[in-house]
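Student: sequence first, predicted coordinates after that:
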Amino acid sequence: MPRKFLQLVGSCLLFLIVSNSIFAQKKSLAQKVDSVLHLMTLDEKIGQLNQYNDDHVATGPITLDNDKIGQIKRGQVGSLLNCVGVARTRSWQKVAMQSRLKIPLLFGQDVVHGYKTTFPIPLGEAASWDLEAIQQSARVAATEASASGLHWTFAPMVDISRDPRWGRVMEGAGEDPYLGSLIAAARVKGFQGNHLGDLNAVMACVKHFAAYGAAVGGRDYNSVDMSDRMLWETYLPPFKAALDAGAATFMNSFNDLNGVPATGNAYLQRTILKGKWGFKGFVVSDWGSIGEMINHGNVKDGYEAALSAITAGSDMDMESRNYKNSLAKLVTDKKVSIAIIDDAVRRVLLKKFELGLFDDPFKYCNEEREKAALNNPEHVRIARTVAAKSIVLLKNENNVLPLSKNTKTIAFIGPLVKAVKQNKGFWDVEVPGVDSEHIVSQWQGLQNKVGATSTILYAKGCEIEGDDKSGFAEAIEVAKQSDVVILSIGERRDMTGEAKSRANIGIPGVQEDLLKELLTTGKPVVVLINTGRPLVFNYTADHATAILYTWWLGSEAGNAIADVLFGDVNPSAKLPMSFPVSVGQIPIYYSHFNTGRPATDDKNRIYNSSYNDLSIFPKYEFGYGKSYTNFEYSKLLLSKKKIKQTESIEVSVTISNTGKYDGDEVVQLYLRDRVGSIVRPVEELKDFKKIFLKSGESKTIQFKIDKQKLSFYNQQLNWVAEPGDFDLMVGSSSRDIRLKDSFELIQ
Ligand code: BGC
């Protein structure tokens, strides 16, 4: 027989064996789930849908319960949150092992940007536009968390947000669905690793489903009212991307969407998530959100709340106790079928099987492993790299940065210079036995870098908040004695995060006044802005000599900042959100519609879509961020100028590093569909590449434009590409477009 034929038969056989064994494994998992389910009483089934907080750390009102141990022993609890560390998780799991069916507990935690080793807050990390780095940081977090007894992280948060007043912008990836989707997938892959059930994998929980980031007025927990088209086009894509990346669980959200609380929203959870998208994992409610439907005014009491949530597809109740209190009666009253309960329980049990907890409930409880994972110097090295990649250079007048390592005297001034824990940002984890002193402060980072060669003088200058200027005089004195001033200002770490909405997003207190005073010395002033959101800081933007937007960078903050200040790392981050000139511009985002009376500049404001008293442009636009070097764009070439739906265009562009430093550039590709049955945005990010170029080096990079990139949701919510002309723009930010061309989709 010819060799090729034999090879074909061989590979077919192999395929059959492999697919059979996968099928067999899947089948046996489903069978195992069912075999447990068949043994369970209704009370035990409901128990699997019940999640409690451990006795400490909370982001919402804890229901006091003197009988947690008893309930776990009776199989009435399926999961605990805020319970970390091998010792603690083991002790609770031991209690669960005293229950009749010995069904293991799941331990979940908000491991949002690192566990012991803390990484930049997610919005900051998103600024790196570095998917590998983002995945790696989630990988480290999962390695540490799983070694510390955890099975499940309530992350990634993939809510698109265009309102920096909303405190939770810090947890996401910013304003753009394309960038947000790639980052969502990277984070899921990082958390879940190669395979759920591997020792170093934790389940991801994609949150908050859905549209939480569009809360009216940027006020946390507020209502959301949006068109279906906007929901599908802008807010849902990161959730879908996370699902496609294999996300094991979803969390619903506190907001109502068009009048129906997300928790009781069957359209979101049943029709879209479990229906159209075929999600096989389980949905956990947000903290107490089942009960909060009573406050929304959508249900009368806990009984109705439980009915609404379970019917809509919320599988597990986080801390509201309405499932515990009402599900059994709902079944007896024939309001909820046992099939609905069984479906929810199956989903939870399946994950417990996939994690391997039925084989060994203490699988993640190993002190040796915990110790090694929490003290791994490689994790610290990665944290430093990711942190440096997240710092955005907003301004660099006279190329004052990078500073020379031979600078004689440096004044390091500001309320955040010596801060330690602040650098972790909101949503850090209190790891037992680990104190916050393992964080490298900015002061320490500078000492590590140039402490031996430069004199570094310190003055606090002022507090973050308040109007006390009594420290100004000392700060000015210190500045006068120095060659350069570094001023570290911003928010407190807990001014962004859950329930941290702010109507005034200026730099608090008298910090900008301090800058004003320091500038009178005539010394160059490099400002570090520490925060979790885009702030409004026009005075600083217009007058500081240089600005680094440092967000909250985590464990290695000080070292990473020093790396960038002194040029060991050339900044390459780009803003994942538009920075407004004023709160009055919010919501502000680059991919807006043109309107019937477009405003194109700030000069002509008559009867067009502008403000009479404010610029239409952001202070810093989406995709903006400088480097110590310069990049030139040339030779934009399209392989075709007309394509059919089945074809694609190869786009190539040459980027040259024409400056003195090696560096990375994020090359961004935007498209505009000139005429659509639904109005299309003036530009939409459709691709990007982050490339490294040595000084003097040029590289030609390729992008591919296909139907997927040209499609959008039409009036009937079908994903279509409509024939017509498209503008193609390649640039260094959404406003800094360097090269343009156009092409036509012909059928
Ligand atoms: C937050 C969730 C979080 C949960 C558990 C809630 O208040 O909205 O994002 O996962 O608490 O801490």
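Tutor: Yes, it's here.
Student: need the residues of the stretch 151-300 of the chain near the ligand, please.
Tutor: Applying C-beta under 6 Å from any ligand atom, we find that the stretch 151-300 of the chain lies next to the ligand at Phe154, Lys207, Asp286, Trp287. (Glycine included, C-beta is placed from N, CA and C.)
Student: tell me the pLDDT at the first one?
Tutor: pLDDT, the model's per-residue confidence, is 98 for Phe154.
Student: my guess is it contacts Asp110. True?
Tutor: Yes: Phe154 is within contact range of Asp110, at 4.7 Å (criterion: C-beta atoms under 8 Å).
Student: from the residues of the stretch 151-300 of the chain next to the ligand, which land in strands?
Tutor: Those of those mapping onto strands are Lys207, per DSSP state E.
Student: closest to Val682 among the residues of the stretch 151-300 of the chain next to the ligand?
Tutor: Val682 has its nearest neighbour among these in Lys207, at 30.4 Å by C-beta to C-beta.
Student: what's the neighbour count on the closest residue to the closest one other than its chain neighbours?
Tutor: Leaving aside its sequence neighbours, Lys207 sits nearest to Met251 (C-beta to C-beta, 6 or more residues apart in numbering; 3.7 Å). Using other C-beta atoms under 10 Å, Met251 has 25 neighbouring residues.
Student: one step back: turn the residues of the stretch 151-300 of the chain next to the ligand into CSV, columns for distance to Leu307 and neighbour count.
Tutor: Putting those into CSV (distance: C-beta to C-beta, whole Å; neighbours: other C-beta atoms under 10 Å) gives the following:
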residue, distance to Leu307, neighbour count
Phe154, 25, 25
Lys207, 23, 26
Asp286, 18, 26
Trp287, 20, 23
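Student: now, the residues of the stretch 151-300 of the chain next to the ligand that are in helices?
Tutor: When DSSP state H is applied, those are split such that none fall in helices.
Student: Val653: which of the residues of the stretch 151-300 of the chain next to the ligand is nearest?
Tutor: Nearest to Val653 among those, with distances taken as C-beta to C-beta, is Lys207, at 36.7 Å.
Student: quick check: the nearest residue to Val260 once chain neighbours are set aside vs Thr654, distance?
Tutor: With sequence-adjacent residues excluded and distances taken as C-beta to C-beta, 6+ apart, Val260 is closest to Asn298, at 6.8 Å. According to C-beta to C-beta, to the nearest Å, Asn298 and Thr654 sit 57 Å apart.
Student: comparing these two, which residue is more hemmed in?
Tutor: More crowded of Asn298 and Thr654, by other C-beta under 10 Å: Asn298, with 18 against 15.
Student: up against the ligand, what does the stretch 401-550 of the chain have?
Tutor: Near the ligand, when you scan the stretch 401-550 of the chain using C-beta under 6 Å from any ligand atom, you find Glu498.
Student: on that earlier part again, which two among the residues of the stretch 151-300 of the chain next to the ligand are spaced furthest apart?
Tutor: Farthest pair in these (C-beta to C-beta) is Lys207 and Trp287. Separation: 10.9 Å.
Student: before we move on, back to that, for the residue nearest to Val260, helix, strand, or coil?
Tutor: For Asn298, the assignment made with DSSP: H, G, I helix; E, B strand; the rest coil gives coil.
Student: wait, it sits on Thr263?
Tutor: No: the criterion here is C-beta under 8 Å, and Asn298 misses it with Thr263 at 9.2 Å.
Student: mutual contacts of the two, please.
Tutor: Any residue near both Asn298 and Thr263 by C-beta atoms under 8 Å, 6 or more residues apart in numbering counts here, and that gives Ser308.
Student: by proximity to the ligand, which residue of the stretch 201-350 of the chain wins?
Tutor: In the stretch 201-350 of the chain, the residue that lies nearest the ligand is Trp287 (3.8 Å; C-beta to the nearest ligand atom).
Student: same check on the stretch 101-250 of the chain?
Tutor: Phe154 (3.4 Å).
Student: which single residue of the stretch 351-500 of the chain ends up nearest the ligand?
Tutor: The ligand sits closest to Glu498 of the stretch 351-500 of the chain, with a gap of 5.4 Å, by C-beta to the nearest ligand atom.
Student: helices of the stretch 1-150 of the chain, start to end?
Tutor: 3-39, 42-48, 68-73, 86-96, 122-126, 131-147 (DSSP state H, counting those that start in this stretch).
Student: residues contacting Asp130?
Tutor: Counting by C-beta under 8 Å, 6+ apart, Asp130 makes contact with Val386, Lys389, Lys690.
Student: just Leu105 next, same as before
Tutor: Neighbouring residues of Leu105 by C-beta under 8 Å, 6+ apart: Ile72, Val77, Gly78, Ser79, Leu80, Trp92, Gln93, Ala96, Pro361.
Student: OK, contacts around the closest residue to it other than its chain neighbours?
Tutor: Ranked by C-beta to C-beta, 6+ apart and with sequence neighbours excluded, the top spatial neighbour of Leu105 is Ala96, at 4.6 Å. Each residue near Ala96 by C-beta under 8 Å, 6+ apart is listed here: Ile72, Lys73, Val77, Lys102, Ile103, Pro104, Leu105, Pro361.
Student: 10 Å instead, please
Tutor: 72-73, 75, 77-78, 80, 102-106, 357, 361 (C-beta atoms under 10 Å, 6 or more residues apart in numbering).
Student: chain center to stretch 396-412: distance?
Tutor: 33 Å (C-alpha atoms, centre = their mean, to the nearest Å).
Student: sorry, slip of the keys, the one I care about is stretch 284-304.
Tutor: 26 Å.
Student: any idea of the mean pLDDT for that stretch?
Tutor: Stretch 284-304 shows a mean pLDDT of 98.
Student: show me the chain divided up by domain.
Tutor: 1-38, 42-368, 392-585, 631-745 (automatic domain parsing).
Student: pLDDT on the third one, on average?
Tutor: It stands for domain 392-585. Averaging pLDDT along domain 392-585 gives 97.
Student: same deal with the last one?
Tutor: Per-residue pLDDT over domain 631-745 has a mean of 98.
Student: name the residues of stretch 366-377 that are buried.
Tutor: Asn366, Arg369, Glu370, Ala373, Leu374, Asn376 (16 or more other C-beta atoms under 10 Å).
Student: restricting to C-alpha, output stretch 136-144 in PDB.
Tutor: C-alpha atoms of stretch 136-144 as PDB (Å, rounded to 0.1, in the frame of the first residue of the first chain):
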ATOM      1  CA  GLN A 136       2.500  36.000  32.500                       C
ATOM      2  CA  SER A 137       1.400  38.100  35.400                       C
ATOM      3  CA  ALA A 138      -1.900  36.200  35.700                       C
ATOM      4  CA  ARG A 139       0.100  33.000  35.600                       C
ATOM      5  CA  VAL A 140       2.300  34.100  38.500                       C
ATOM      6  CA  ALA A 141      -0.800  35.100  40.400                       C
ATOM      7  CA  ALA A 142      -2.400  31.700  39.800                       C
ATOM      8  CA  THR A 143       0.800  29.900  40.800                       C
ATOM      9  CA  GLU A 144       0.900  31.600  44.100                       C
END
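Student: list the contacts of the residue of the stretch 501-650 of the chain found nearest the ligand.
Tutor: With C-beta to the nearest ligand atom, the shortest gap between the stretch 501-650 of the chain and the ligand falls at Ser501, namely 13.1 Å. Residues in contact with Ser501 (C-beta under 10 Å, 6+ apart) are 163-169, 215, 217-222, 533.
Student: let's go with 7 Å and repeat that
Tutor: By C-beta atoms under 7 Å, 6 or more residues apart in numbering, the residues touching Ser501 are Arg165, Trp166, Gly167, Gly218, Arg219, Asp220.
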